[in-house]
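> I'd like to go over a predicted model; first the sequence, then the structure.
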Protein chains: 2
Amino acid sequence: MLRTHTCGELRLDDVNKNVTLSGWVHKVRDKGGMIWVDLRDRYGVTQLAFDESKTAKEIIDIVRSLGREFVIRTSGSVLERYSKNDKIQTGDIEIEVSEIEILNASNVPPFTIEDNTDGGDELRMKYRYLDIRRNPVRKNLELRHKMLQQTRNYLDLKNFMEIETPFLIKSTPEGARDFIVPSRVNQGEFYALPQSPQTFKQLLMVSGIDRYFQIVKCFRDEDLRADRQPEFTQIDCEMSFIDREDILNTFEGLTVHLFDKVMGYKLENVERMTYDHAMKNYGNDKPDTRFEMLFVELNDVAKGKGFKVFDDSELVVGICAAGCAHYSRKQLYALTDYVRKPQIGAKGLVYVKCNEDGTFKSSVDKFYNQEDLKKWTDKMNANPGDLLLILSGVTDQIRGALSELRLKIGEDLGLKNKDEFKALWVLDFPLLEWDEDSQRFHAMHHPFTSPKPDDLEKLSSDPGSVKANAYDLVINGVEIGGGSIRIHNKELQQQMFKALGFTDDEAKKQFGFLMDAFEYGAPPHGGIAFGFDRLCAMFGGSDSIRDYIAFPKNNSGRDVMIDSPSTISKEQLDELGLDLKD
Amino acid sequence: MLRTHTCGELRLDDVNKNVTLSGWVHKVRDKGGMIWVDLRDRYGVTQLAFDESKTAKEIIDIVRSLGREFVIRTSGSVLERYSKNDKIQTGDIEIEVSEIEILNASNVPPFTIEDNTDGGDELRMKYRYLDIRRNPVRKNLELRHKMLQQTRNYLDLKNFMEIETPFLIKSTPEGARDFIVPSRVNQGEFYALPQSPQTFKQLLMVSGIDRYFQIVKCFRDEDLRADRQPEFTQIDCEMSFIDREDILNTFEGLTVHLFDKVMGYKLENVERMTYDHAMKNYGNDKPDTRFEMLFVELNDVAKGKGFKVFDDSELVVGICAAGCAHYSRKQLYALTDYVRKPQIGAKGLVYVKCNEDGTFKSSVDKFYNQEDLKKWTDKMNANPGDLLLILSGVTDQIRGALSELRLKIGEDLGLKNKDEFKALWVLDFPLLEWDEDSQRFHAMHHPFTSPKPDDLEKLSSDPGSVKANAYDLVINGVEIGGGSIRIHNKELQQQMFKALGFTDDEAKKQFGFLMDAFEYGAPPHGGIAFGFDRLCAMFGGSDSIRDYIAFPKNNSGRDVMIDSPSTISKEQLDELGLDLKD
């Protein structure tokens, strides 16, 4: 037997027991006469004590040979500690060792196995198996484990059936790029890895499985931005004989359940907001609603006073930063620099300080008198001591820029409370978005999303104005999940493909099986998918999904630990009927 | 709201309630004056009743327009039925319909949606989404759902951590053929899809995650035999700081748990048997132990009497078919033909009938007198009325042939009780097997399996005789799972690769990351993987795994429903830097 207990288990109640522990040598303290070893495993740390005067020389020799991260087995008796350590759960006891065996030696690890390690990102990725020994990384994986179990518990209780959909499917170039898999048996033909089980879960609805779920790996061959992974996990769900309300309630329920069971956090009622409202008030379709600082549009009070910048702008819009009237010239310059960064894209920043004495000081005093500015501050409900920050330009672009500024000010003012979670549904997205490059419409969500019934007839006359019966779940400004009521009717699906610029042949070749299925009694249905990596990161209080994936890839899609992708043999290529291009 | 209840839910207690149901039109019976419609969903069937004299004409018109598999929504009031139907759970009630709406029409389905359908295999695969509407297929998926949940419940309770390992990994040509995935970002390089998460779960052990599990898709690009799938699911587990006993107990526990929770079946104690014992007594490393009929070797009593066939054979071995002495000449001929089939490969069959009067009648009476035959029957513990069936030849081959015969006789005599489950562990497999084609040893399990400690030194001197610390779980003659205690030491792993004919460079290129990891404190560890598709099929009482997979592929690895694999565009190939060979 390699152990009777784990290293996180022994307490005062166990004193005098003979126990066997196995684990890693975390630290050795040799005071001459007394040696202590901290023995570590997944569950905790237990102190081993060796009194040189009482312990066999062979044992002491072994102890003196131990290095960091050696794996040992040890037996002995549990003693109450003289000086207790309340920082660890086993801090009341130690083991007086009578036997010790080295199970495996270890090279000196390339970084310290401590909560705050000295290893850089690259090194820790290469030796990920050592990185996972560190408490923070292991705890992230433990959190993920809990999230997995609790998600399934909830969905199982709600009668969802877990069904595994295939990984070797068919390439459908709509949307992101597929990873493809050459077929050896059918040379010249290829499978693709799924970007999501979308069509299969819809087929399951046609099959009468009215509640489906799966926690499943999905694949996208994108040029990787920071914090994207070529393979990622989603909680994928679909329901039939439902309307939007049923879906929102069911998955609000899941979200509340997860916060409760995994975090012990009581999530408040989930707010609802249309896409149009979110864009107008937050400039963003995933607003962080932990704080207000809503947009106020100022066209009526700011234009026509001779300030050309505003007069020539489609939209003049501002936010009120409460209590910031004291911002120095330097701070205001910094904010101006911030909004002028290319990725933000504003031309400049107009401010108005609401002085405590009721007067105003603005960067556009040349064009606006106190009375003019009073109209602005009234409209924005500003109080003495507040600071108005105002941008102007083309509507979509300037809303985006002001959204960034709002989030920055929120951060600066400490309004993004890390211990608070605010969830909301964003509803009624546009169905289509115009793509300048390809000069055609793209589906904002995907081609299976149904238009709002009232907008159906605009699908041919004014496609860009059609709203989708789609919804996103947003928490603290992060999109956690999204879905829609689907099209379940062949004619409408054909119309949709047409709007997206598919020829009938293309639509049939790629999605004929789904449209065929719609002709055999497809029920009304809809669903949702949650980005599981992102959800775990949010629960763990991190921005990085990589910390919540056991073996992530780097930003070039490379696994630096196993060194993959890598070359394969000529025989393998030959068998697949492939040549590398020169 | 599309429904207030499902079609399997309403009972006498619900009489007089107003309800809304949605589902598929299963059957319409139009008796003129009265029309009944069976409405079906995942949960059951409910009868809708339409009395022409009391029902609005619009409703009757709609009902008369319904075809099979139309999707409808209907509202009405629950009535007690006049003539009850005890074959369905809702058979006490029916719905007097006041509203009906067709949600979607249906073409006439290509086969009947009944438990016994008129659709052939090919057709049902093509329209799998209709096949799943049938009760038997849906029940298979429900069984699989339960197996998934119960497996995780057990492992979670036992402190196993569910950790997702990557799908885009590295090609390692040892073992079966990999599916490969070209990298676009790193042209000329390839990922491979995992044949199992073997190396990753071992790295997790090095990481200190002492109990890992995952229910995970794996991939093998094999020439498909019947009932193999290119993608399949396994329950994958690994533990550290354990010996074999811990693993056997833990996964015996899982098996007992699944039989109990999913089937309500109390599995008896799981037997244990060495590989050598299984081969000697059953001629098979996955014996069906629901019945005995053990092999008895007869060399000492059958050789040296002038029967050249036996005298020239390495092994003479028989089984005793209890109560079969009455077999006719025709039946015995049929058995002889059976063992002579090329896939069985015996040259002939010798029989001995134990007559009720104590005499014997054999097919070799020319060579053996009654006294000789008495020795055989004594050795085989045969009773009057029994039939001995004896084969001879080269040991390995003839054991295999007799195993097939034993299974056939067991089947013929009804000894394979479908309601009985007998599980056993087969232990101590050979570590290596000689491959004539490549003239080198292959790992019988995989290259990470550790030799039994006592056999370590034979690894260089007599590799073929080394036993592995490996174990298979066999139920009713089917291999359900297998695993081993792993090598956790770099030197031994190198020695193992050497025995398998790897050069140091090859070993390093393919598995260097694992051997590196072994140098940083790898704990003793071992694990197991269960074939989940097979396990589900066994629980469902079927031989075919395909029935337990929602969207299986056919024997050419093709998904005939979505028509995959398929060609891809030249642009896609160009982006990947690939050409098709001419």
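The structure has been received and is ready for your questions. Residues are numbered from 1 along each chain as shown, chains lettered A, B, ... in the order given.
> rest of the way, CA atoms for contacts and neighbours
Fine.
> quick one: contacts for residue A:245?
Contacts for residue A:245 (Cα atoms under 8 Å, 6 or more residues apart in numbering or on different chains) come out as none.
> helix/strand/coil for it?
Under DSSP: H, G, I helix; E, B strand; the rest coil, residue A:245 falls in the helix class.
> look at residue A:402 and say how many residues are nearby.
Look at residue A:402: counted by other Cα atoms under 10 Å in any protein chain shown, it has 27 neighbours.
> distance of residue A:512 from chain B?
8 Å (Cα to the nearest Cα, to the nearest Å).
> which SS class is that residue?
Applying three-state DSSP: residue A:512 is helix.
> for it, give its distance to residue B:457.
Remark: distance between residue A:512 and residue B:457 (Cα to Cα, to the nearest Å) = 62 Å.
> quick check: domain ranges of chain A?
A:12-104, A:138-273+A:422-549, A:291-412 (automatic domain parsing).
> the first one: end-to-end distance?
Meaning domain A:12-104. Span of domain A:12-104 from end to end, Cα to Cα: 30 Å.
> also stretch A:451-461?
14 Å.
> who's in contact with it?
A:428, A:431, A:465, A:466, A:467, A:468, A:469, A:496, A:499.
> one step back: out of residue A:512 and residue B:457, which sits in the more crowded spot?
When residue A:512 and residue B:457 are compared on other Cα under 10 Å, the one with more neighbours turns out to be residue A:512, at 18 against 12.
> mean confidence score for stretch A:48-67?
Mean pLDDT, computed over stretch A:48-67, is 96.
> distance between the ends of that stretch?
Per Cα to Cα, stretch A:48-67 runs 15 Å from first to last residue.
> and the helices in the stretch 101-250 of chain A?
All helices of the stretch 101-250 of chain A, identified by DSSP state H, counting those that start in this stretch, fall at A:121-126, A:128-131, A:135-157, A:198-206, A:244-258.
> same question for the stretch 251-400 of chain A.
With DSSP H, counting those that start in this stretch as the criterion, the stretch 251-400 of chain A has helices spanning A:275-282, A:299-302, A:308-311, A:329-340, A:370-379, A:395-412.
> which one of the ones you listed lies nearest to chain B?
Judged by Cα to the nearest Cα, the one of these that comes nearest to chain B is helix A:275-282, at 24.4 Å.
> which residue ranges of the stretch 1-150 of chain A form strands?
Per DSSP state E, counting those that start in this stretch, the stretch 1-150 of chain A carries strands over the ranges A:18-30, A:34-41, A:44-51, A:71-80, A:93-104.
> can you redo the ones you listed as CSV with distance to residue A:277?
As requested, the strands of the stretch 1-150 of chain A are exported to CSV (distance: least, Cα to Cα, whole Å):
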stretch, distance to residue A:277
strand A:18-30, 55
strand A:34-41, 51
strand A:44-51, 50
strand A:71-80, 59
strand A:93-104, 60
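> need those strands in JSON lines with distance to chain B and mean neighbour count, can you?
Converted to JSON lines, the strands of the stretch 1-150 of chain A look like this (distance: least, Cα to the nearest Cα, whole Å; neighbours: other Cα atoms under 10 Å in any protein chain shown):
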{"stretch": "strand A:18-30", "distance to chain B": "7", "mean neighbour count": "21"}
{"stretch": "strand A:34-41", "distance to chain B": "6", "mean neighbour count": "20"}
{"stretch": "strand A:44-51", "distance to chain B": "11", "mean neighbour count": "22"}
{"stretch": "strand A:71-80", "distance to chain B": "5", "mean neighbour count": "21"}
{"stretch": "strand A:93-104", "distance to chain B": "6", "mean neighbour count": "20"}
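> backbone dihedrals for the residue of chain A most remote from its centre, please?
In terms of distance from the mean C-alpha position of chain A, residue A:53 ranks first, at 55.9 Å (Cα atoms, centre = their mean). Residue A:53 adopts backbone torsions of phi -70, psi -20, taken as degrees, to the nearest 10.
> from residue A:82, how far out is it?
18 Å.
> repeat that for residue A:141.
Taken as Cα to Cα, the span from residue A:141 to residue A:82 is 35 Å.
> give me the more crowded residue out of those two.
Under the neighbour definition other Cα under 10 Å, residue A:141 and residue A:82 were set side by side, and residue A:141 has more, 23 against 9.
> can you tell me the closest non-neighbouring residue to that one?
What sits nearest to residue A:141 in space, not counting adjacent residues and going by Cα to Cα, 6 or more residues apart in numbering or on different chains, is residue A:548, at 6.1 Å.
> so what's the one you found up against?
A:137, A:140, A:141, A:144, A:533, A:536, A:537.
> okay, the residue lying closest to the fourth one once chain neighbours are set aside: pLDDT?
Distance criterion Cα to Cα, 6+ apart; nearest residue to residue A:144, sequence neighbours excluded, is residue A:536 at 6.0 Å. At residue A:536, the model reports a pLDDT of 98.
> sticking with residue A:536, tell me its helix or strand.
helix A:532-539 (DSSP states H and E).
> and the residue in the stretch 251-400 of chain A that chain B sits nearest to, how many neighbours?
Closest contact between the stretch 251-400 of chain A and chain B, by Cα to the nearest Cα, is at residue A:262 (14.5 Å). Neighbour count of residue A:262, defined by other Cα under 10 Å: 16.
> from what I can see it touches residue A:147, true?
Yes: at 6.7 Å, residue A:262 and residue A:147 qualify as touching, with contact defined as Cα atoms under 8 Å.
> distance check, residue A:571 against residue A:577.
Residue A:571 is 10 Å from residue A:577, by Cα to Cα.
> look at those two and report which has more neighbours.
residue A:577 (19 against 9).
> wait, the more buried one sits on residue A:186?
No: look at residue A:577 against residue A:186 with Cα under 8 Å: they stay out of range, at 9.6 Å.
> hmm, back to that, out of the contacts of residue A:548, which one sits closest to residue B:281?
residue A:141 (46.7 Å; Cα to Cα).
> OK, contacts around the one residue in the stretch 351-500 of chain A that gets nearest to chain B?
The nearest approach of the stretch 351-500 of chain A to chain B comes at residue A:489, 7.5 Å away (Cα to the nearest Cα). Each residue near residue A:489 by Cα under 8 Å, 6+ apart is listed here: A:515, A:518, A:519, A:522, B:104.
> relative to residue B:139, how far out is residue A:152?
Applying Cα to Cα to residue A:152 and residue B:139 gives a distance of 20 Å.
> I misspoke; the intended subject was residue A:65.
60 Å.
> of these two, which one has the most company?
For residue A:65 versus residue B:139, neighbours defined as other Cα under 10 Å are more numerous around residue B:139 (16 against 11).
> next one: residue A:343 from residue B:422, what distance?
67 Å.
> to clarify, my last question referred to residue A:553.
44 Å.
> same question for residue A:54.
54 Å.
> please apply the same query to residue A:132.
Distance from residue A:132 to residue B:422, by Cα to Cα: 40 Å.
> again with residue A:318
75 Å.
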